[in-house]
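>>> give me the fold of what follows.
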Amino acid sequence: MEAEVQAVEQAVYQLYHNPDPAMKASAEEWLRTTAATEASWEATWALLQEDRAFETRYYAAILLATKIQRTWKSLDESSKRALAEQLIDLAANLFSASRSLFIRCCNTLCSLILKAVPEHLPQFETTIYERFMELEKTIGPSQGTLAYLILFKILGEEYTTRFLSTARRRYVDVEMQRAKQQVMEVCWTALNQYDNEEVAAAGLECATSWTFCFPNWDLSLKIAQKAFEYLQYPQLTAAAVELILEVTHLDPAYKSPSIVLEIATLVSNSQSAFAQALENGEEDVVRALTRLATVFGQRHMFRIANDRAVLQAYVEYMLAITSIPGQVPRDETTSHETFTFWNDFIDYIVDTEPQQHQALVQQYEATLLRFMEAVIIKASHPPATEPPLAQDEVTDLRAYRADMGDVISYLCTMLKNDCLLYQHQLLEAAIADESLERAESTVFFFGCAAEMMEGHVQAPNSFINTLASFQPGYYELDKTCMLALGNCADWLACNASRLPDVFEIIRNRMGEAQLLPLAASSIKAIARGCDVHLADYLDQVLGVALPVIDGDAPAEAKRALAESVCFALRKAPVETVAVVTPQIYEPSFLVMDQCLAAGTEQARVLLGEHLLIINRIVRGLSPENLGELPHPALPLMEGAMQRFTKAVAVFQADVETAQRVCTCISSAVLTLDHAFDVLLPSVVPFLLREYETTRIPSYVSALTDVILLFHDHHDQQQLFQEAVHQCFTVAAACMQNYSQADPESISVFFRLVFKVGRSCPNSMFYSSTTVSELIDCLILALTVNELIVVREAGNALRVMFEKTGHNAILEEVMPTSLARIVSTCVQLLASGCPKMNQTVFIDVLADVNVHFVEAFGQLMLQSLAEESVPIDAMQAELMVQQLQRSRVRKTRFKQTMLTFVKMCAEARSEVIVLD
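Take a look at the predicted model:
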């Protein structure tokens, strides 16, 4: 035993005192994994004796707990009882010697209790109480009670968090349920000893940890009510709050409206303690009391509302908490927690019956408006005379504004015009007081409410008038102003006469470069929401947008404003559209020409930004009054194609440039629809040439969009057949030299086969020779490792199966190729292919089973009979019968095939995990 003791002592010494990190790590690893096995029970107990070093005793307590957890059953019956008695004695003796060692020993004793009851430690709570009460004589009054409460607090926490087997928990539940009566009575006694805060705190914490769903509700409630007396003691407030919340969260509380009202009154009466803590600067107490009021109110809102007087008092208290002095987040962060209460309170009013709803609105409107005013003041930025907010403070302020903004938005939907008019009064007052910060905060919350405003509400007119008369210059206010006006888009759609004023307000605040993207985004939001009316205000839109589009502004702002002009052109006269459209894309053409002439990396980046602008314009141009006139996007695309050709030549093989060019072409397909046919002679050869030259997948994706647009046009079929064949030639060449190819450049063609074959098979499957070669290529693709290629090849084959009955070429060629397809899939499944690929092969076989019913069984038998497939003839025949019966039940088909995969894996002596 002595050697075991020395080994543990040496490891503990190394852990705590050796400066070498490697030695520390080695000692910690040994103690964690090996010590509990190598050290005997006797050696572990010897390490706990008072002649050992503190670190050794502390770690020995951990070691003993580990042994109890792992090897309790190895002890005989008498040893278990003896260990329990000795550990209780040890804990009692350690209470006065070392509080930290006592707590560690309590953790170990809790592990033993959860293992020993009831057989080896019957009536454990009484045994421990009697032993610990002896400390009252040897140490002093209340010390035994204090030790008992500390231990049982830990036991309550361990019981609720420790994993126990179902069988073991059954026994423990019975013992804990019985013990709770005594434990709570000791807690009650402790809470009546006002002269000892330490004992009272332990009583509160112990009662909290034992408030689980057993009987003793009356006693638990009595203790929770007693806890209110401790809210006036700063050191005990947090513990008292947690106990109250824990008890009032039990099921009986939710079934007892009278008790909830009683507790709610006690919470409201704690306002004096809250005010005292606020005056004394006791932040922890303020936060704890805020948590009590907020959480209890949120949980029991509808029960508190059963008594109007109680509810009124509670709401006033919550308003006092929300209105505590200080700016968020610099001076205080507590009031942020109340937003959930206010949201639930408004929710309660909204959900009441109409007659009651009106009465509640009249009763609480003034309170709710004061709440809104308090939030606006607290959410203001610090004045210029104070240091600006640090970055983390800015983040906290944004979080506060976001949460409270949701509540105020909800409030405005309920109070409607009255709420917005009150906001406007606050804005006027802030301007009169020359408080730009408060004005900015008011405008911010107006913007939050604006998103939910109905068109008939007239209060926004007052805001617009005030903002129009207010000179720009304060950055935060200008920024917030533009955001708020952008949120008014839906309201402006019903009040379009205010659009000129709104555009003028925004235009006056666009002088600062930092604000340009935000201003453009707001104008875009307004233009999208008001496009029906914008034709009448096109001059105002152009007055704001064109100087930016034609100037040296961020590309982000240019994109948004170009889209805004496109929205404005939707209802404009044809002549206007023809004149205005070039004004929004020609500046980009000019910049693109300069970039193409320069050919530098910087020019490539700038070119990409203007390609995005062209894409936005192409996508946004959709005038409705064209009649027989050509679409304005046609001359745009004709000019763009010349530059696209130069761009991919100047910046050869640049994937980003190619992707943005192809995105513009795809957008033109959507915008122009069948008017795109004018561009086919230039677009199709361009896409084919670049795909053949660069192998960049984007060109095939754009070509796919073009073909799908004209899938029902027989006039274009020859063109598309030739295009598909040219793409196939490139993809087939890549497959033949697969190790040097980009898998995406191959899979994109297979995706084309799938999409075009499904929508317009005659453009895809038009030649027996081509289809035969395509099937060969797809079968080869199934054998590679990249999932993206295998998946797209499988999808292409499946659409060919589906279209066989509708296409003469497929009907001629596919039956002769089925044997190779089925054989390839079966062999790949049998060989142990990646799991994701298995799904592809099984889906292909399932579709053969569906579309070629008569041939499937024989094809599968032939494939299963091949030498590389480790399955005998009887198993093969049984399996095929199961597969044929599963033709319309793909889940069962898949399960049968996965069983086949498992059989093959076992034959190869492999282990495979099935889904």
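
>>> any idea which helix or strand carries Trp462?
Quick fix: residue 462 reads Ser, not Trp. For Ser462, the host element (DSSP states H and E) is helix 459-469.

>>> by contact count, what packs against the very next helix or strand once past that helix?
Using DSSP H and E, the helix or strand that follows helix 459-469 towards the C-terminus is helix 475-487. Under the contact criterion of 3 or more Cβ pairs under 8 Å, 6 or more residues apart in numbering; DSSP states H and E, helix 475-487 touches helix 436-450, helix 459-469, helix 499-507, helix 516-529. Using the backbone N, CA and C atoms, a C-beta is placed for each residue, glycine as well.

>>> output those in CSV, with mean pLDDT appended to each entry.
Output for the helices and strands packed on helix 475-487, formatted as CSV (pLDDT from 0 to 100):
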stretch, mean pLDDT
helix 436-450, 94
helix 459-469, 92
helix 499-507, 94
helix 516-529, 94
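
>>> residue ranges of each domain in the protein, please.
Using the TED database, the domain parsing of the chain gives 360-470, 477-572, 583-705, 711-914.

>>> start to end distance for the second one?
Distance across domain 477-572, first residue to last, is 34 Å (Cα to Cα, to the nearest Å).

>>> can you tell me the helix or strand for the residue lying closest to Tyr16 once chain neighbours are set aside?
Distances taken as Cβ to Cβ, 6 or more residues apart in numbering put Glu55 closest to Tyr16, at 4.9 Å, once the chain neighbours are dropped. Taking DSSP H and E as the criterion, Glu55 maps to helix 54-71.

>>> for that helix, which positions count as buried?
56-68 (16 or more other Cβ atoms under 10 Å).

>>> likewise stretch 860-874?
Applying 16+ other Cβ under 10 Å to stretch 860-874 flags 860, 863-864, 869, 871 as buried.

>>> how about stretch 747-763?
Under 16+ other Cβ under 10 Å, the buried positions of stretch 747-763 are 747-758, 760-763.

>>> same question for stretch 92-101.
92, 94-95, 101.

>>> Phe893 and Val853, how far apart?
Counting by Cβ to Cβ, to the nearest Å, the gap from Phe893 to Val853 is 13 Å.

>>> got the angle for the helix holding Ser462 vs helix 499-507?
Helix 459-469 and helix 499-507 are oriented at 50 degrees to each other (axes from the mean of the first three to the mean of the last three Cα atoms, to 10 degrees).

>>> mind listing what the spatially most central residue of the chain touches?
Nearest to the geometric centre of the chain sits Ala399, at 16.1 Å (Cα atoms, centre = their mean). The contact partners of Ala399, taken as Cβ atoms under 8 Å, 6 or more residues apart in numbering, are His336.

>>> secondary structure element for it?
Applying DSSP H and E, one finds Ala399 within helix 391-415.

>>> what's the following helix or strand after that helix?
helix 417-432.

>>> list the buried residues for that next one?
So for helix 417-432, counting by 16+ other Cβ under 10 Å, buried means 419-424, 426-427, 430-431.

>>> do stretch 325-334 as well
Residues of stretch 325-334 classed as buried by neighbour count (16+ other Cβ under 10 Å): 327-330, 332-334.

>>> with stretch 471-485 instead?
For stretch 471-485, the neighbour count (16+ other Cβ under 10 Å) marks 472, 474, 476-485 as buried.

>>> over to stretch 287-307?
Buried positions in stretch 287-307, judged by neighbour count with 16+ other Cβ under 10 Å: 287-297, 299-301, 303-305, 307.

>>> from the residues you listed, which land in helices?
Using DSSP state H, the subset of the buried residues of stretch 287-307 located in helices is 287-297, 299, 301, 303-304.

>>> and which of those residues is nearest Glu198?
Nearest to Glu198 among those, counting by Cβ to Cβ, is Ala288 at 18.3 Å.

>>> and the pLDDT at the closest one?
We have a pLDDT of 96 for Ala288.

>>> Pro215 now?
You'll see Pro215 listed with a pLDDT of 60.

>>> now do Glu125
pLDDT, Glu125: 93.

>>> in three-state terms, label the closest residue to Ala675 other than its chain neighbours for me.
Spatially, and ignoring its direct neighbours in sequence, Ala675 is nearest to His631 (5.0 Å; Cβ to Cβ, 6+ apart). Here His631 is recorded as coil under DSSP: H, G, I helix; E, B strand; the rest coil.

>>> let's have the buried residues of stretch 92-101 in JSON lines, adding distance to Asn280.
Shown next, in JSON lines, are the buried residues of stretch 92-101 (distance: Cβ to Cβ, whole Å):
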{"residue": "Ala92", "distance to Asn280": "39"}
{"residue": "Leu94", "distance to Asn280": "37"}
{"residue": "Phe95", "distance to Asn280": "34"}
{"residue": "Leu101", "distance to Asn280": "36"}
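
>>> returning to that earlier point: out of the buried residues of stretch 747-763, which sit inside helices?
Counted as lying in helices by DSSP H, out of the buried residues of stretch 747-763, are 747-758, 761-763.
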